[in-house]
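[1] Sequence below, structure please.
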Amino acid sequence: MNEMAPERNLRSPSRSVRLGFLGVGWIGRHRMKAILETGAAEAVVIADPSPEMVAEARELAPAAELAAGLDELLGYDLDGIVIATPSARHAEQSIRALRKGISVFCQKPLGRTAEEVRLVVEAARAADRLLAVDLSYRQTEAMRKIRDLIRSGELGEIFATDLTFHNAYGPDKPWFYDKALSGGGCVMDLGVHLVDLALWSLDFPKVAQVQSHLMNGGTPLPAGSEQVEDFAVSTLVLESGAIVRIACSWRLQAGREAVIGASFFGTNGGAAMRNVNGSFYDFKAERFRGTSTEILTEPPDAWGGRAAAEWAIRLAAGETYDRSCEKLVEVASVLDDIYRSAR
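    Down below sits the predicted model:
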């Protein structure tokens, strides 16, 4: 069974669960649509400070009631809540919902630090409620194919991994650039996916050493800077001696909208996931044997809302606390180490 992500042969939902949606900007509405299309859930209540966003969300769920914020939303009889708000609020909002006995699906990062993430996981355990985070790139067919290859041993011992996420645009909301609200820059926004993919694919090995370099506007960030990084390179050394290299950025002039990839090299071969033609959404997976390449999977693949949909189906099937969510703390700990190393 995959950590924090169920296999595709999910049980049919036994009932329709009642959900609240906190934050319905583009990502929140996209996840709402994916969840409602499963038939496993109904949108009972929506909360967002933007009337325009609320109006668009109610096109998906016309019967949903409106709440002024989290306090009012938590007053409803809900099975779960979907959180898509600024990062600084994720941990507190998740904990408050869990303590009310409400399961949580949250956008990444679950917390700005490993300590914040640990507190959320503890709240989920204490409440015995289903907790999941939208680490969506796990859900691509390309990464699932590669993970299966790695876990089967077909690639031999993985000794080198190279993961990249360069976004030509960068975030369009001011809070991303406020360290107190975001927790960090491109590492917190994009690097979290890369760290998660590396650890998840390799079955969460122990990380022995981290070395990282953070930049802003082409200049190394000084210790104690309140600026967030827009370019980062980190090297993780695993206890086995294997090397994981991670690079991410905002607004890099790379000649395309995005450069996204994850390559794994083992003693018996290699495999890689790459985005196609600079796309944020289209990926292919390849298997390498010496100088030959075998295509494992190609677009199309409607993966974007898959994590949210699977959480809703699991919730409707009666699932509660899943210990695999504890791996979220390990991912967050590596992010802490990346920032600590750069300081």
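
[2] okay, how far is it across stretch 56-74, tip to tip?
    22 Å (Cα to Cα, to the nearest Å).

[3] Repeat that for stretch 244-257.
    End-to-end distance for stretch 244-257, by Cα to Cα: 24 Å.

[4] Let the chain start at 310 from now.
    New numbering, starting at 310: the last item is stretch 553-566.

[5] wait, Glu374 sits on Glu351?
    No - using Cβ atoms under 8 Å, Glu374 is not in contact with Glu351; the gap is 11.4 Å. The way it works is simple: take the backbone N, C-alpha and C, and place the C-beta from them, glycine included.

[6] can you list the domains in the protein?
    What automatic domain parsing lists as the domains of the chain is 326-444+614-631, 450-611.

[7] would you turn the ones you listed into TSV with mean neighbour count?
    TSV is the format used below for the domains of the chain (neighbours: other Cβ atoms under 10 Å):
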stretch	mean neighbour count
domain 326-444+614-631	20
domain 450-611	18
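
[8] Nearest to Ala651, out of those?
    Ranking these by proximity to Ala651 (Cβ to Cβ) places domain 450-611 first, at 4.4 Å.

[9] Please identify the buried residues of the lengthiest helix in the chain?
    Using DSSP state H, we find that the single longest helix of the chain is helix 636-651. Within helix 636-651, the residues scored as buried using 16 or more other Cβ atoms under 10 Å are 636-648, 650-651.

[10] Just the closest of the residues you listed to Ala489, please.
    Looking across those and measuring by Cβ to Cβ, the closest to Ala489 is Tyr648, at 13.9 Å.

[11] any idea how far the residue nearest to that closest one when sequence neighbours are not counted is from Glu535?
    Nearest residue to Tyr648, sequence neighbours excluded (Cβ to Cβ, 6 or more residues apart in numbering): Gly493, at 6.2 Å. Computed as Cβ to Cβ, to the nearest Å, the Gly493 to Glu535 distance reads 11 Å.

[12] Helices of the chain, start to end?
    Using DSSP H, helices in the chain cover 335-346, 360-369, 379-382, 396-408, 423-436, 450-461, 488-491, 495, 501-510, 615-625, 636-651.

[13] Now that we have the ones you listed, can you turn them into a markdown table and tack on distance to Phe474 and mean pLDDT?
    Formatted as a markdown table, the helices of the chain follow (distance: least, Cβ to Cβ, whole Å; pLDDT from 0 to 100):
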| stretch | distance to Phe474 | mean pLDDT |
| --- | --- | --- |
| helix 335-346 | 16 | 97 |
| helix 360-369 | 26 | 97 |
| helix 379-382 | 30 | 97 |
| helix 396-408 | 17 | 97 |
| helix 423-436 | 20 | 98 |
| helix 450-461 | 13 | 98 |
| helix 488-491 | 16 | 93 |
| helix 495 | 8 | 98 |
| helix 501-510 | 6 | 98 |
| helix 615-625 | 17 | 98 |
| helix 636-651 | 14 | 97 |
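
[14] wait, which of those helices is closest to Lys593?
    Closest among the helices of the chain, using Cβ to Cβ: helix 450-461, at 6.2 Å.

[15] give the contact list for Ala580.
    Lys454, Ile455, Leu458, Ile459, Leu464, Ser572, Phe573, Ala594, Glu595, Arg596, Phe597, Leu605 (Cβ atoms under 8 Å, 6 or more residues apart in numbering).

[16] Kindly report the same for Asp437.
    Here Asp437 is in contact with Thr629, Tyr630 (Cβ under 8 Å, 6+ apart).

[17] what's the answer for Ala532, then?
    So Ala532 contacts Arg652 (Cβ under 8 Å, 6+ apart).

[18] Next one: it from Leu523, what distance?
    Distance, Ala532 to Leu523, by Cβ to Cβ: 10 Å.

[19] which stretches of the stretch 410-559 of the chain form strands?
    412-415, 440-442, 467-476, 516-525, 528-529, 540-547, 552-559 (DSSP state E, counting those that start in this stretch).

[20] Okay, now the sheet partners of the fourth one, with direction.
    Looking at strand 516-525 with DSSP bridges, its partner strands are strand 528-529 (antiparallel), strand 540-547 (antiparallel).

[21] next one: the last one
    Here strand 552-559 has these sheet partners by DSSP bridges: strand 467-476 (parallel), strand 540-547 (antiparallel).

[22] Nearest to Val363, out of those strands?
    Across those, closest to Val363 is strand 467-476 (Cβ to Cβ), at 27.4 Å.

[23] Give me the contact list for that closest one.
    Counting by Cβ under 8 Å, 6+ apart, 459, 495, 499-500, 502-503, 506-507, 510-511, 549-561, 563, 566-576 sit against strand 467-476.

[24] for stretch 361-381, same thing?
    So stretch 361-381 is in contact with 329-331, 333-334, 337-338, 341-342, 345, 351-358, 382, 384-385, 402, 405-406, going by Cβ under 8 Å, 6+ apart.

[25] what's the spacing between the most centrally placed residue in the chain and Leu499?
    What sits nearest the mean C-alpha location of the chain, by Cα atoms, centre = their mean, is Leu444, with 2.1 Å. Leu444 is 12 Å from Leu499, where distance means Cβ to Cβ.
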